[in-house]
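1. prediction below, plus the sequence it came from.
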Amino acid sequence: MKFVPNRPYSDPEMSARKIVEIAKSVEPGQEGRIYIELINGPFLYREKGTPDEYKAGLDLAIERGWLVLHESGTFVKFTEDDAELLRLEVAGPLASFK
């Protein structure tokens, strides 16, 4: 009998969180666009995730409202609530008092 080791991203929750983490690390382009290849490349090649794990994680992140996928499928954006939270994280806690 052959045992298959657990993969870190076999759980869609873990892969969705990793996808959001990767998306946070990417500098957004025009109008807050994060091009999909800047997320799927690191997930598939650096993190060694599979295409199925990537798809399940992306679908879950979209379902939960963490990311919004454009109808063309070429880029994602953070939702408005998440975008505001990211601005505060980057600027620091005292930036909102200025």
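-> Arrived safely. Numbering: from 1, shown residues only.
2. so which elements touch the helix or strand where A23 lies?
-> Here A23, judged by DSSP states H and E, is contained in helix 12-25. Helices and strands touching helix 12-25, by 3 or more Cβ pairs under 8 Å, 6 or more residues apart in numbering; DSSP states H and E, are helix 37-41, helix 51-63, strand 67-69. For the C-beta atoms, the positions are set from N, CA and C on the backbone; glycine is no exception.
3. low-confidence ranges in the protein?
-> Along the chain, segments meeting pLDDT under 70 span 1-2, 4, 81-98.
4. please redo it, this time with the cut-off set to 90
-> Counting by pLDDT under 90, the chain shows low-confidence ranges at 1-8, 29-32, 78-98.
5. quick one: contacts for the residue nearest to the spatial centre of it?
-> Nearest residue to the geometric centre of the chain (Cα atoms, centre = their mean): V20, 2.4 Å. V20 makes contact with 61, 66-67, according to Cβ atoms under 8 Å, 6 or more residues apart in numbering.
6. buried subset of these, written for PyMOL?
-> Listed next is the PyMOL selection for buried residues among those, using 16 or more other Cβ atoms under 10 Å:
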select buried, resi 61+66+67
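7. how close does G41 get to Y54?
-> 10 Å (Cβ to Cβ, to the nearest Å).
8. scratch that, G32 is what I was asking about
-> Distance from G32 to Y54, by Cβ to Cβ: 21 Å.
9. how about N40?
-> Taken as Cβ to Cβ, the span from N40 to Y54 is 6 Å.
10. looking at the two, which is more packed in?
-> Y54 (20 against 17; other Cβ atoms under 10 Å).
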